[in-house]
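> No sequence on hand, only this structure:
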């Protein structure tokens, strides 16, 4: 097992992750606290995020593809063991820098409001202190834009069956095809929406966390 303490500015973080292990060579962290901790074991990451963290898969995905992974919320009495915010972004693009997605990585820095400047799809699973599970579309507006303009809710759950449970390994699958995207949890279709134009599903995937502790494993891209 390799233990990393991810600190410092964005560029330094990238160098650290790439230098230590091949497991993390395809990931870039935007970490608000500068103190995110990652334990690496084969294809499994144990991540402790004191504040907001976005861990981006640093290859742009295009065409038809599926993203799948397993994830568990760790609740063992740790300082950051919080049952909330198992979130993700996908099909992410920066309209100001269409050819350099990470140009504003230092500025985004894991600060949630700053992600309103991106075009993307978002699921906040067990957000708002594990009271909501929401599907949103982000429209690349300003960081201070109102939510109903910048990132309107497409669909929402508030029932206990669609909120987070401790010690449960969730099977996540995200599907992007010609004219739609869909989000599955444990084989159940939770969200689906149609694209308005070709190429709307192209972009970057990011695991989004906020003051919590997770086990993330089995990440796969299928085309």
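Looks like it came in fine. Please read all numbers here as calculations on a predicted model, not as lab measurements.

> Okay, now the unreliable bits of this protein?
By pLDDT under 70, the low-scoring segments of the chain are 1-23.

> residue boundaries of the helices in it?
Using DSSP state H, the helices found in the chain span residues 10-20, 105-108, 127-130, 147-150.

> Counting neighbours, what do you get for residue 70?
16 (other Cβ atoms under 10 Å). C-beta here means a position set from N, CA and C on the backbone, and glycine is covered the same way.

> To clarify, my last question referred to residue 151.
Quick note: residue 151 (other Cβ under 10 Å) scores 23 neighbours.

> so it makes contact with residue 121?
No. At 10.0 Å, residue 151 does not count as touching residue 121 under the criterion of Cβ atoms under 8 Å.

> so what sits against both of the two?
Taking Cβ atoms under 8 Å, 6 or more residues apart in numbering as the criterion, residue 151 and residue 121 both touch 136-138.

> With respect to residue 218, which of these is nearest?
Nearest to residue 218 among these, counting by Cβ to Cβ, is residue 136 at 25.4 Å.

> Pull up the gap between that closest one and residue 64, please.
Distance of residue 136 to residue 64, computed by Cβ to Cβ, to the nearest Å: 23 Å.

> Paired strands for the longest strand along the chain, with orientation please.
Longest strand in the chain, counting residues (DSSP state E): strand 204-222. Applying DSSP bridges, strand 204-222 is found paired with strand 44-57 (antiparallel), strand 65-73 (antiparallel), strand 86-93 (antiparallel).

> Mind listing what's buried along it?
Buried positions in strand 204-222, judged by neighbour count with 16 or more other Cβ atoms under 10 Å: 204-217, 219.

> Tell me how many other residues surround residue 124.
22.

> Hmm, residue 130 and it touching each other?
No. With contact defined as Cβ under 8 Å, residue 124 does not count as touching residue 130 (10.5 Å).

> Could you list which residues are in contact with residue 116?
138, 140-143, 145, 150-151.

> my bad, residue 52
31-33, 110-112, 208-211.

> Let's see that with 7 Å instead.
32, 110-112, 210 (Cβ atoms under 7 Å, 6 or more residues apart in numbering).

> ok, now residue 142?
116-117.

> still on that earlier bit, out of the contacts of residue 116, who's nearest residue 197?
Nearest to residue 197 among the contacts of residue 116, with distances taken as Cβ to Cβ, is residue 140, at 14.0 Å.

> give me phi/psi at residue 142?
phi -80, psi 160 (degrees, to the nearest 10).

> any idea how far it lies from residue 200?
21 Å.

> Could you do residue 185 as well?
22 Å.

> With residue 49 instead?
Taking Cβ to Cβ, one finds residue 49 at 29 Å from residue 200.

> which of those two has more neighbours?
residue 49 (29 against 19).

> Pull the contacting residues for the more buried one.
Counting by Cβ under 7 Å, 6+ apart, residue 49 has contacts 36, 80, 209-212.
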